[in-house]
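Asker: After the sequence you'll find the predicted model.
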Protein chains: 4
Amino acid sequence: MTDTMKAAVFEGHERIVLEERPVPQCGPNDAIVKVTLTTICGTDVHIWREEYPVEQGRIVGHEPVGVIHELGVAVSGYEVGDRVLVGAITPCGSCFYCQNHSEAQCSGHEDEWKMIGAWRLGNAIDGVQAEYFRVPYAQANLAKIPDDLSDEQCVLLADIASTGISATETANVGLGQSVAVFAQGPIGLCATAGARLKGASLIIGVDSIGKRLSIAREMGADEVIDFTQEDPVAAIKRLTEGRGVDVAIEALGKQQTFEWCLDATRPGGTVSSLGVYGGKLEVPLESFVYGIGDKKILTTLCPGGKERMRKLMELVRHGRLNLGPLITHRFSLDQIEDAYELFGNQRDGVVKVALTP
Amino acid sequence: MTDTMKAAVFEGHERIVLEERPVPQCGPNDAIVKVTLTTICGTDVHIWREEYPVEQGRIVGHEPVGVIHELGVAVSGYEVGDRVLVGAITPCGSCFYCQNHSEAQCSGHEDEWKMIGAWRLGNAIDGVQAEYFRVPYAQANLAKIPDDLSDEQCVLLADIASTGISATETANVGLGQSVAVFAQGPIGLCATAGARLKGASLIIGVDSIGKRLSIAREMGADEVIDFTQEDPVAAIKRLTEGRGVDVAIEALGKQQTFEWCLDATRPGGTVSSLGVYGGKLEVPLESFVYGIGDKKILTTLCPGGKERMRKLMELVRHGRLNLGPLITHRFSLDQIEDAYELFGNQRDGVVKVALTP
Amino acid sequence: MTDTMKAAVFEGHERIVLEERPVPQCGPNDAIVKVTLTTICGTDVHIWREEYPVEQGRIVGHEPVGVIHELGVAVSGYEVGDRVLVGAITPCGSCFYCQNHSEAQCSGHEDEWKMIGAWRLGNAIDGVQAEYFRVPYAQANLAKIPDDLSDEQCVLLADIASTGISATETANVGLGQSVAVFAQGPIGLCATAGARLKGASLIIGVDSIGKRLSIAREMGADEVIDFTQEDPVAAIKRLTEGRGVDVAIEALGKQQTFEWCLDATRPGGTVSSLGVYGGKLEVPLESFVYGIGDKKILTTLCPGGKERMRKLMELVRHGRLNLGPLITHRFSLDQIEDAYELFGNQRDGVVKVALTP
Amino acid sequence: MTDTMKAAVFEGHERIVLEERPVPQCGPNDAIVKVTLTTICGTDVHIWREEYPVEQGRIVGHEPVGVIHELGVAVSGYEVGDRVLVGAITPCGSCFYCQNHSEAQCSGHEDEWKMIGAWRLGNAIDGVQAEYFRVPYAQANLAKIPDDLSDEQCVLLADIASTGISATETANVGLGQSVAVFAQGPIGLCATAGARLKGASLIIGVDSIGKRLSIAREMGADEVIDFTQEDPVAAIKRLTEGRGVDVAIEALGKQQTFEWCLDATRPGGTVSSLGVYGGKLEVPLESFVYGIGDKKILTTLCPGGKERMRKLMELVRHGRLNLGPLITHRFSLDQIEDAYELFGNQRDGVVKVALTP
């Protein structure tokens, strides 16, 4: 057992740097996992840019694949050496929120809700862009990886796949429904894949970047709309006999896309929102039918827990979901600064990067 | 059969006046009903004030109890003389919206959605503040009244009870949950009653008018908050161990109450909105947890159809729901101008009026 | 307009014969449709064998594609000449059952429930294996066919696709769940396709006929089990870490398959049953966990109505559902006796037949 | 701290006797609770009669109110001395079943499902008819009792109230629906109360014992049927316009009541079953509409977990639920043999007993 490890630490504006840190201690409900693969999330970029606040000195990252290194005294059913996937969201399974099925808002054993609920790794506690990390509430969050899945097949399930797909589950997309997904970044692309998994008959991807629209088709979009070329709402209405889609998914977090979503949705339809909004957010009243259009606005953080991870892995194993096209670049943990520079500035057509400690 | 009848007609700003009109013609899917009791809705007051646009010359009103006078050739299972309640919302039962269970947004047999869906009476077609009115899609909308119910026991079910209660159904209030209802006007009072019917354990009514707060207690509120005396959000958090309610109901249609609703709701909770919003509507981002608090914003127009009316009547019959306390004043149709003057200006502690042709 | 037409009429044991009949009359809520394609259902075979009772002289058949020939006075939004698909189940849209979302059990405008609810065509009223047929409650049941779909792409949607797929919807199959489908006849094959559409990760088809198991793979099964070669329950438990599937679908209507379903389902799981049971049906108590295993047994007739048909057509149009492999034989209406003889006796590897008037 | 304690131990046919036992040891996930009040359940009587198998030497009982005596190292947010209610069902919050919301079927941290899932106390492990007991998965199962509730107000929530009420939640009883509850023993009486809480408009209690039918009215039944005096199915159809109820609840576990439930339910309706069945269970096919009546048969064990207990306590606190009428007799733990003799033989009009260590 090593006593120290390398870890990517937030140290200020556009500074996430490699530091030497102690390997974390294992409490009774914890596990320590040796990381074999991780990635960088858009949220990490917000941290890097100081747009989302975490304390200085925090190890970042929340999408880990690895091997169990140590197990807490209260954890059972696992062995050191098991390959595991851990979700970005680590619910405790016992608190008010977990027992009310708002697991992503988990307040933990202390039952005290904090921003942002069960997003602990690389946020409220140290994260996974490191050689080792501590899994809180390990019993609920260690998902064993079947032998026939590679690390790369699993790593994107921890956050973007779970988040993106959840938009279609929260909206309860039904067989034969129509779905539009606004923004085809990593999350939006996974929402597109989710709409396909849920049995939508018509899936419309909206973005302005040609490459993303082309991946959107690979992930399941029937139609793609470049909003710089045509009014996306008009195009959607044309594709839906004038009514609008049953479900519009917001995967960006901007006023414009939120407005388009409401406007592109039929009366009685649903806006399923994944975006993190800043500044101001206004509800366009006409699209909202002044509050009496039977429209719904639903938000979802990201489902976590080992069963969520198991089910997503099963979808990958049986060929239902392939996130392969999304990993465009690979780095070692030592190259963490380069990785942030490339991903944070969206250079070289990057969609997602893989990071190996 | 009379050829003409008296009817309350919108003729311009604060002018709803009694006119002589032909008794309506009965098409194949219609019924003609002789009105025995009706009421005035807050929405009628918006028409009266020209805040909600209907065309001049329109007969107003959408909450009718009456007796079948004539039946269309395609309607069966009824007889002339049957006592009936007709909901404010008259879905056709056959269109895209009806078959997708968005009945209140019904586009009718022509399958062309118009503002505001299935609210036809006194809006898109002539209404019920008259001696007779035409029921569109009568097969789906004539609800026979059991002999043991009086007209007064039924008339408020057509709109405010169906609307108010629906907020709790759309939000799927569960046994033992906590619910706050913002504004205790007629709709909000019915939402309060609905929360009780759905098995909430803690119901909190918010308003500034003492009499309304006192009726709120009669309708089922455990706690009432006068928002001029204390911060309603702080009070609600104090009553819910700091978390906020599971469900907040907006029953007014104002920025302030909408904000309070979002703020008073726990992470993962639901805002169920009934209000008709004007001007601007902004989403307070911190209360919205920036879009990632797993919060839901749901809107409901008003469920209609004869089964809805039957079930509401059954709740009244078996003593589950008593809207008696809400009817505070009674007028004949001849006094329609006085009735609007009193109700529109909220004089004399009026809650709801009963109008008899 | 012809006054008479050819029609396939039930005339006694294994006698469904072609007769000359008057073209049906069109009531106010009806449409008359000229049939362009139809098929024979397993239920028709039960009629042919006198295993399911219909009155002698009844025109049989309930899966029609055709062209509108005449429209009732109360029907609008259509024109003579429109190509339409009509479901086997024709709900009225207005009765107790329709308004309570049990549309398949529709009691019609008279509000009097009869066996079997909204299955009227070729059962309670004359059917569609004829040159013309009458569509009851036409407003709710005429689904326009998009130009880019052929009759053959649509005809199986009327019953077997709607029925088979519905098993997965009633069971609310979730993303990543496991599903076993017992019996891979036409209905079971469509249930298999439905499980795929709903996003199950593991789909297991069970039958004893090699060809059906091979089509099962085409329709979406990941694994197939020949129950003459191995114990299907043991095989399913082996494939699901010993737990059993989340959802088992019964698509035959036999004691044995019903038992297997209960036994193959995990605690808390769901048996979704489509079979029509005869004789006796016993619940195996151990598999049922003596009533306290949180298991569910759900039954579904067949969803109907024009929106159901529209959505199924959209799934076909966008390449989500392809029932092509199921139509193995084609006949003209004149060959009706040959068609019943072949299909009824399951000769020549028949799966489904297409019948052209 | 005492080292030994008194406990009621199953020692063979109709022998549950007081023995001296060591106070249980506290593992990392456990708590030790000092019992202040408990009760005897019908299931304990099945153990006493050897109708339900537990191993000899097992301490029985699963409905405890008490005070925290010791806390495991992995448990936080509680203090020794806290008053707590623990449900009969103690889910772990982390396993396959818990994360799939089948908490009552929880397989525990070892992820190995055993009969009967999360019913551990007094079944798979030692129970609560003792001075102390061990709470497994304490973090998920210790529900703090508000100061304004007495032990007697809470003790019946642990099992019969949670079970009985759950029948109406599993069936998703809607506002204005009709519900019949077959058998008005303790569980059935709680189901009756549950139907009232859920907003049913018509609640029908069925039993043959006058006193139980009279308590049924207190708990919320509108109508009661003595099945020795009239055919309950005919009576129910008469009360529901010939259709049958929306939901029938089986609260006994017998072929006859199961049959009545299916028969008394309308097409498209739901049988919600709580009974534990022995012998044989047959589905009456005509009432089942041969499998195509869109009927549902749902079973529920008993929801557990601290949030369930908290919500039930909130219903009691706010006057929604009063189980007072059910406790008819009181004993000390020393009188355990008398208590079983009285309750097991249903002497002296007993409904429920309270037992104080």
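Answerer: Done, it's in.

Asker: Give me the distance between stretch A:96-108 and the centre of its chain.
Answerer: 18 Å (CA atoms, centre = their mean, to the nearest Å).

Asker: cool, stretch A:276-290 as well?
Answerer: 23 Å.

Asker: so what secondary structure elements neighbour the helix or strand where A:R266 lies?
Answerer: Assigned by DSSP states H and E, A:R266 belongs to strand A:265-273. The helices and strands touching strand A:265-273, judged by 3 or more CB pairs under 8 Å, 6 or more residues apart in numbering or on different chains; DSSP states H and E, are helix A:162-170, strand A:245-250, helix A:255-264, strand A:296-299. For the C-beta atoms, the positions are set from N, CA and C on the backbone; glycine is no exception.

Asker: Of those, which stretch is the most buried?
Answerer: Comparing those by mean neighbour count (mean count of other CB atoms under 10 Å in any protein chain shown), strand A:245-250 ranks first with a mean of 30.

Asker: any weak-confidence spans in the stretch 251-357 of chain A?
Answerer: When residues are selected by pLDDT under 70, none of them lie in the stretch 251-357 of chain A.

Asker: give the contact list for the closest residue to A:T299 other than its chain neighbours.
Answerer: Leaving out its chain neighbours, the residue that sits closest to A:T299 by CB to CB, 6 or more residues apart in numbering or on different chains is A:S273, at 4.8 Å. Counting by CB atoms under 8 Å, 6 or more residues apart in numbering or on different chains, A:S273 touches A:A167, A:I249, A:E250, A:F258, A:C261, A:I297, A:L298, A:T299, A:T300, B:G291.

Asker: ok, the first one to A:A248 distance?
Answerer: Distance of A:A167 to A:A248, computed by CB to CB, to the nearest Å: 10 Å.

Asker: Find residues that contact each of those two.
Answerer: A:V181, A:S272.

Asker: that older thread, partner strands of the strand holding A:R266, parallel or antiparallel?
Answerer: Strand A:265-273 has the following sheet partners, assigned by DSSP bridges: strand A:245-250 (parallel), strand A:296-299 (parallel).

Asker: beta partners for the residue nearest to A:T299?
Answerer: A:E250, A:T299.

Asker: What distance do you get for whatever residue of the stretch 201-350 of chain A ends up closest to chain C to A:L197?
Answerer: Residue nearest to chain C within the stretch 201-350 of chain A (CB to the nearest CB): A:K311, separated by 2.8 Å. Distance, A:K311 to A:L197, using CB to CB: 11 Å.

Asker: any common contacting residues for these two?
Answerer: In contact with both A:K311 and A:L197: C:L175, using CB under 8 Å, 6+ apart.

Asker: tally of neighbours for the nearest residue to A:L121 once chain neighbours are set aside?
Answerer: Take A:L121 and drop its neighbours on the chain: the residue closest to it by CB to CB, 6+ apart is A:H62, 4.1 Å away. Neighbours of A:H62 under the rule other CB atoms under 10 Å in any protein chain shown: 27.

Asker: OK, contacts around A:H62?
Answerer: Going by CB under 8 Å, 6+ apart, A:H62 touches A:C41, A:T43, A:D44, A:A88, A:W119, A:L121, A:G122, A:N123, A:G127, A:V128, A:A158, A:D159.

Asker: Which ones among those lie within helices?
Answerer: A:T43, A:D44 (DSSP state H).

Asker: Quick one: which of the contacts of A:H62 has the lowest pLDDT value?
Answerer: Least confident by pLDDT among the contacts of A:H62: that is A:T43, with 93.

Asker: ok, and the closest non-adjacent residue to it?
Answerer: A:Y52 (6.4 Å).

Asker: Pull the number of nearby residues for that neighbour.
Answerer: Neighbours of A:Y52 under the rule other CB under 10 Å: 18.

Asker: Quick check, pLDDT for it.
Answerer: 90.

Asker: where exactly do the helices run in chain A?
Answerer: Remark: helices assigned in chain A by DSSP H are A:42-48, A:96-99, A:138-141, A:151-155, A:162-170, A:186-197, A:210-219, A:232-239, A:255-264, A:306-317, A:336-344.

Asker: Could you dump the ones you listed into a markdown table with distance to D:N345 added?
Answerer: Formatted as a markdown table, those follow (distance: least, CB to CB, whole Å):
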| stretch | distance to D:N345 |
| --- | --- |
| helix A:42-48 | 65 |
| helix A:96-99 | 38 |
| helix A:138-141 | 44 |
| helix A:151-155 | 59 |
| helix A:162-170 | 52 |
| helix A:186-197 | 57 |
| helix A:210-219 | 67 |
| helix A:232-239 | 70 |
| helix A:255-264 | 65 |
| helix A:306-317 | 45 |
| helix A:336-344 | 74 |
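
Asker: thinking A:P357 is in contact with A:V35, fair?
Answerer: Yes. Counting by CB atoms under 8 Å, A:P357 does reach A:V35; the two are 5.0 Å apart.

Asker: any common contacting residues for the two?
Answerer: Common neighbours of A:P357 and A:V35 (criterion: CB under 8 Å, 6+ apart): A:A130, A:E131.

Asker: Neighbour count for these two, which is higher?
Answerer: When neighbours are counted by other CB under 10 Å, A:P357 and A:V35 differ, and A:V35 comes out ahead with 27 against 22.

Asker: so which of the helices and strands packed on strand A:265-273 gets nearest C:I203?
Answerer: Evaluated over the helices and strands packed on strand A:265-273, closeness to C:I203 peaks at helix A:162-170, with 18.5 Å, by CB to CB.

Asker: how far is the closest one from where the chain is centred?
Answerer: 9 Å.

Asker: Is there any residue in it that contacts chain C?
Answerer: Yes. On the criterion CB under 8 Å from any CB of the partner chain, helix A:162-170 is in touch with chain C at A:I165, A:E169.

Asker: packing partners for that helix?
Answerer: Using 3+ CB pairs under 8 Å, 6+ apart: helix A:162-170 touches helix A:186-197, strand A:245-250, strand A:265-273, helix A:306-317.

Asker: what angle sits between that helix and helix A:210-219?
Answerer: Between helix A:162-170 and helix A:210-219, the angle comes out at 60 degrees (axes from the mean of the first three to the mean of the last three CA atoms, to 10 degrees).

Asker: Let me see the mean pLDDT of helix A:162-170.
Answerer: 98.

Asker: Specify the angle between it and helix A:186-197 in degrees.
Answerer: Using the same axes, to 10 degrees, helix A:162-170 lies at 40 degrees relative to helix A:186-197.
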